[in-house]
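Novice: Test case, fold it:
(chains A, B and C)
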Amino acid sequence: MIFLYIKIFTYMSRPVRFNIHPIQADIKDNISLANMPEGYTGEGFFASRLSDVVGLARKNSIWPMPFATSCCGIEFMAVMASHYDLARFGAERLAFSPRQCDLLMVMGTIAKKMGPIVKQVYLQMAEPRWVLAMGACASSGGIFDTYSVLQGIDQVIPVDVYVPGCPPRPEAVIDGFMRIQDLVSQESVRRRNSEQYKALLGSYGIQ
Amino acid sequence: MALTNETIKDRLIAKFGEQLSHFEEPYGLLTFEAPRELNLKVMQFLFDDEELRFQFLTDLTAVHYPDQAGRELAVVYHLHNLADNIRLRFKVFTGSDKPDIFTATQLYSSANWMERETYDFFGINFVGHPNLKRILNVDEMEYFPLRKEFPLEDQTRIDKDDAMFGRGTLPAAGTIADKN
Amino acid sequence: MMGEMTLINKNKHMSEHHIKLPEGSIEKTTTTLNLGPTHPATHGVFQNILELDGERIVSAEQTIGYIHRAFEKLAERRPLYQITTLTDRLNYCSSPINNMGWHITCEKLLGVKTPKRVDYLRVIIMELSRISDHLICNSVVGVDSGAFTGFLYVMQYRELIYEIYEEVCGSRLTTNMGRIGGFERNFTNAAFEKLERFMAEYPAVLKEFENLFTRNRIFMERTIGAGPISAERALNYGFTGPNLRAAGVDYDVRVHTPYASYEDFTFDIPVGSTGDCYDRFLVRNGEMWQSLRIIEQAYRKIQEMKGADAEIYHADAPEYYLPEKKDVYTKMEALIWHFKIVMGETEIPPGEVYNSVEGGNGELGFYLISDGGRTPYRLHFRRPCFIYYQAYSELTKGAMLSDAVIVMSSLNLIAGEMDA
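Specialist: Residues are numbered from 1 along each chain as shown, chains lettered A, B, ... in the order given. I've put the predicted structure just below:
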């Protein structure tokens, strides 16, 4: 029998080619402006949909409330810091009170002891409100399939965007935030009073 | 004369005699077993003695051995002599039907929460503890989760399929899962 | 007459209030204030119920367990390698220290001896994570006393530390770094370049951070005298780490029970005197300078290793350390070991071992009992945060309400470590 040895691997360490000498960003003409919504223009007037204009205003000024419980909270601190600045998306003021925030960012494992508190914080938020579940633990319980951990916050509150990861990279968090921005900008003004929304809240026991 | 494990063992046997047993030194740490009524006396002796100054309680925890009848729960104390840099460990065993152990909170304030955690996980009743209630789990929990008979997972969760994790049974042949 | 009638009606309306006051609340002279579990100043989820007499705290009661994730029960289900991911999430600001502490515990149980280069690499990573942890704590003390700038300045250098972790293990925060016996791969040149950049740039940043706070009148008046503790009470409460050293006791696990070749390095232990928040701040700053010193010594020692020595990154323990892939594809024993390690079927000798390392908060201990099976029989983490948080009510007795917040943040309470 002839054995064929196929050399699959070389064992030299792979040379690293990226991120050693980062290129400086070119910010001279690199300013992004918010896009105007679609509409009809004429002599001295611009007609657009109310929900578009309201969505544009809302999406660029979302005030998040960080509900940081564990490791994802530290990664969120890194997102808020100057390197991955979340403030450029309009989240300049971190509202620490649920009464004054738009977006509840649940970051970290929620234990069963903490579940009622998450619900209470959610109830204290005023409409329109969105929820972002950051991390695997908030989305589904993560690696903690135990008796004391709530297997995802969608057991107690409705969630709009899930950001998976353990912890998710800051870029992933920013991507999740941008998905929330998409949701905010495209939301109809009638959504919060609609039957489906009421049914959704009803399924969580929220009136 | 530097304090060694031999010296500590001799002093302990001189004071308590045959009541202490199972002297061993796994990985260099002197370990012994004391009867459960004497746990405070042993700790007090180790604290007050001028030579053996074990005045730092490093850790207090418990282990559940369901197979040893009458000696199911072991409370393990780790003590540390900071001045001479010697550690020791001693255990007291008790049965699981009436697990009463004297509390160490008068001697070491750090034992307060450590005993509460041990009560929360194993159900050991520390006699004389100022505030023995659950600390880490929800107050309404009725069982002691770290005992071996209780499962790790929450049995009421619906989104995780135990069969896929090697626990429980896979669906039988001829069911919906089988039809592609 | 009309006015009279309305007056009477008003009084009647007021006496028909449907508010039921709790028992004894009219006689109570203190206010109950609930601080947490969700509170901007509690960094992590724990609750303090304060009884206030005006602004003075009469008593404080702590409730924890809001992030209890049952690590100890989880560990009974997982083979040794899968427990590393659990240890990451204990003190998540300095995960590599937890990982390496766990690996050192396993090595003690299994009888694996690590070569010097592995020890020095571990020391570099552990000191980097200690710097990372103290940076979070000190800058957050600044944020809680109103000074946000320090936090933003130093977070940039935490990003550089994260980049170094990424070069070594691929992950930023919950690193799962290393294996039993060493590291999974040799440090790349990029990792060493970033480390050199860190060592070159960071001292100036730390100096600037100190200039912002250490002799700042407002910061000093906020933190001096806030939450002091004497050395005897601290020892009785089981304090370890920077909080104990701020009270005056120079107990450091790296010096008392050296692990990972810490005895080869010279460094000082900064010690405070009163144990208040200012001393804790200064002790943590001092420890960051000492960590830099250790990193420089370790880096120099590694650069001095030449030839074959410079390629060692793990111990020779084939039963516990994954063999190289080329061996797995060609040699039978390597294939069997690979299979057993990945499936978690390696034999662990029965025994019990207690090992501790100097974590960011103090003595992080691992008490591992093995019965010879594939998973531990019992694993208990001796968590410093859990043990010293008990002293909070004693630290804040008679203090003002604002001190409650500063004391909490200067103790560096990490909820993941507290509740496990």
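Novice: Helix, strand or coil: sort out residue B:61 for me.
Specialist: strand (DSSP: H, G, I helix; E, B strand; the rest coil).
Novice: what about the nearest residue to it once chain neighbours are set aside, neighbour count?
Specialist: Nearest non-adjacent residue to residue B:61, counting by C-beta to C-beta, 6 or more residues apart in numbering or on different chains: residue C:380, 4.5 Å away. Yep, even glycine has a C-beta here, placed from its N, CA and C like the rest. By the measure other C-beta atoms under 10 Å in any protein chain shown, the count of residues near residue C:380 is 27.
Novice: Does residue C:380 touch residue B:58 like I think?
Specialist: No. Between residue C:380 and residue B:58 there is no contact under C-beta atoms under 8 Å: 11.3 Å.
Novice: Which strand residues bridge the residue nearest to residue B:61?
Specialist: With DSSP bridges applied, residue C:380 shows beta-bridge pairing to residue C:367.
Novice: how near is residue C:261 to chain A?
Specialist: Noted for residue C:261: a distance of 24 Å to chain A, by C-beta to the nearest C-beta, to the nearest Å.
Novice: same check, this time on residue B:46
Specialist: 35 Å.
Novice: Could I get the contacting residues of that residue?
Specialist: Going by C-beta atoms under 8 Å, 6 or more residues apart in numbering or on different chains, residue B:46 touches B:52, B:54, B:79, B:88.
Novice: Let me see the backbone angles for residue A:47.
Specialist: Main-chain dihedrals, residue A:47, degrees, to the nearest 10: phi -110, psi 130.
Novice: Assign a three-state SS to the closest residue to it other than its chain neighbours, would you?
Specialist: Leaving aside its sequence neighbours, residue A:47 sits nearest to residue A:40 (C-beta to C-beta, 6+ apart; 4.6 Å). Using three-state DSSP, the structure places residue A:40 in strand.
Novice: Run a quick neighbour tally on residue A:40.
Specialist: 8.
Novice: That one touches residue A:49, doesn't it?
Specialist: No. Using C-beta under 8 Å, residue A:40 makes no contact with residue A:49, being 10.6 Å away.
Novice: Assumed residue B:163 was part of a helix.
Specialist: Yes. Counting by three-state DSSP, residue B:163 falls inside a helix.
Novice: what's downstream of the lengthiest helix in chain A, the next helix or strand?
Specialist: Secondary structure assigned by DSSP state H gives helix A:170-185 as the longest helix of chain A. For helix A:170-185, the following helix or strand on the C-terminal side (DSSP states H and E) is helix A:195-203.
Novice: Spell out, range by range, the helices that occur in chain B.
Specialist: B:5-16, B:39-48, B:111-122.
Novice: quick one, what contacts the nearest residue to residue C:119 once chain neighbours are set aside?
Specialist: Nearest residue to residue C:119, sequence neighbours excluded (C-beta to C-beta, 6+ apart): residue C:261, at 3.8 Å. Listed by C-beta under 8 Å, 6+ apart, the contact partners of residue C:261 are C:116, C:119, C:120, C:123.
Novice: Count the neighbours of the first one for me.
Specialist: Neighbouring residues of residue C:116 were enumerated by other C-beta under 10 Å; the total is 15.
Novice: For residue A:197, see how far away it is.
Specialist: 64 Å (C-beta to C-beta, to the nearest Å).
Novice: try the second one
Specialist: As defined by C-beta to C-beta, residue C:119 lies at a distance of 59 Å from residue A:197.
Novice: Could you check which of these two is surrounded by more residues?
Specialist: Taking neighbours as other C-beta under 10 Å, residue C:119 and residue A:197 compare with residue C:119 leading, 20 against 14.
Novice: so what's the closest residue to residue B:106 other than its chain neighbours up against?
Specialist: In space, and not counting its chain neighbours, residue B:106 is closest to residue B:128: 7.7 Å by C-beta to C-beta, 6+ apart. Applying C-beta under 8 Å, 6+ apart to residue B:128 gives the contacts B:102, B:103, B:105, B:106.
Novice: Filter those down to the buried ones.
Specialist: B:102, B:103, B:105 (16 or more other C-beta atoms under 10 Å in any protein chain shown).
Novice: residue ranges with poor pLDDT in the stretch 51-200 of chain C?
Specialist: Counting by pLDDT under 70, not a single residue of the stretch 51-200 of chain C qualifies.
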